[in-house]
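Visitor: Quick check, what structure comes out for this input:
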Amino acid sequence: MNFLKTKPAVILIMASMIGISAMAVNKTVADEPATFGTEQTDLNSYLTEELTYPKSLVDEGYEVKVVVKFWVDKYGNVLNAELMSSEVTNDKVPGKGHIELFEQEALSTIKNMPKWNPAVVGGQHAPSQYKLPILFKTL
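Guide: Okay, here's the model as predicted:
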C-alpha cells in the first residue's frame with residue numbers, strides 16, 4: 001500500500017496533551033507527566049512527519065479519527081500500544097478495509113516512537129498511560 005507523505009494530505013494531531021490523558025500506573029496523576037522531546041510541539045512535529053495518509057484513499061476525502069492508548073514505561077519506552085476507537089468524522093462512507101489502513105498507520109507509528117521522558121511520581125520515574133487522538137484529513 002502506498003502512503004502519501006506530502007500535500008494534499010494533512011494529519012492533524014488532536015493531542016492537546018490532556019496529559020494526552022495521562023495516568024500513572026497506580027491511577028494517580030503524575031507529578032510530572034511523561035513528555036516527548038523538550039517542547040510541547042515536539043510530539044505534533046514528530047507525528048506529522050511520521051504519519052502518512054493512505055495514498056490510494058486521498059481522492060476519497062475521508063476524515064478519520066483514530067485513538068491509540070499506550071504506556072510510557074519508567075525508562076521512557078512506548079509499550080502496549082492498542083487501538084481504542086476509530087471513526088469517520090465527515091459524511092464519507094468508507095469502503096471495506098479503508099478504516100483499518102488508518103488504524104494500522106496510527107498504531108505502527110506509535111509503536112515505533114523513540115523514547116519519551118518518563119513521568120515522575122514522588123520524585124521517581126514511573127510508568128504512565130496515554131490516550132492519543134489522531135485525525136487524518138485531506139485538504
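Visitor: I'd like the distance between the closest residue to N117 other than its chain neighbours and L139.
Guide: Among residues not flanking N117 along the chain, T35 sits closest, at 4.7 Å (CB to CB, 6 or more residues apart in numbering). In this view, the C-beta of every residue, glycine as well, is placed from N, C-alpha and C. Separation of T35 from L139 (CB to CB, to the nearest Å): 30 Å.
Visitor: So for the lengthiest helix in the chain, mean pLDDT?
Guide: In the chain, ranked by residue count with DSSP state H as the criterion, the top helix is helix 98-111. On average, the pLDDT along helix 98-111 is 94.
Visitor: who does that helix touch, helix- and strand-wise?
Guide: Helix 98-111 sits against strand 53-54, strand 64-72, strand 78-88, strand 128-138, with contacts defined as 3 or more CB pairs under 8 Å, 6 or more residues apart in numbering; DSSP states H and E.
Visitor: contacting residues around it?
Guide: Helix 98-111 has contacts (CB atoms under 8 Å, 6 or more residues apart in numbering) with 1, 3, 47, 50-54, 57, 60, 62, 64, 66, 68, 70, 78, 81-83, 86, 88, 132, 134, 136.
Visitor: After it, which helix or strand is next?
Guide: Going down the chain from helix 98-111, the next helix or strand is strand 119-121, by DSSP states H and E.
Visitor: what does the average pLDDT come to for that next one?
Guide: 90.
Visitor: got it, and stretch 64-75?
Guide: 93.
Visitor: what comes up buried for stretch 45-57?
Guide: Of the residues in stretch 45-57, 46-47, 51-54, 57 count as buried by neighbour count, 16 or more other CB atoms under 10 Å.
Visitor: Make TSV out of these and add distance to K115 and pLDDT.
Guide: Formatted as TSV, the buried residues of stretch 45-57 follow (distance: CB to CB, whole Å; pLDDT from 0 to 100):
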residue	distance to K115	pLDDT
Y46	12	90
L47	15	88
L51	19	89
T52	22	87
Y53	26	87
P54	28	84
L57	32	85
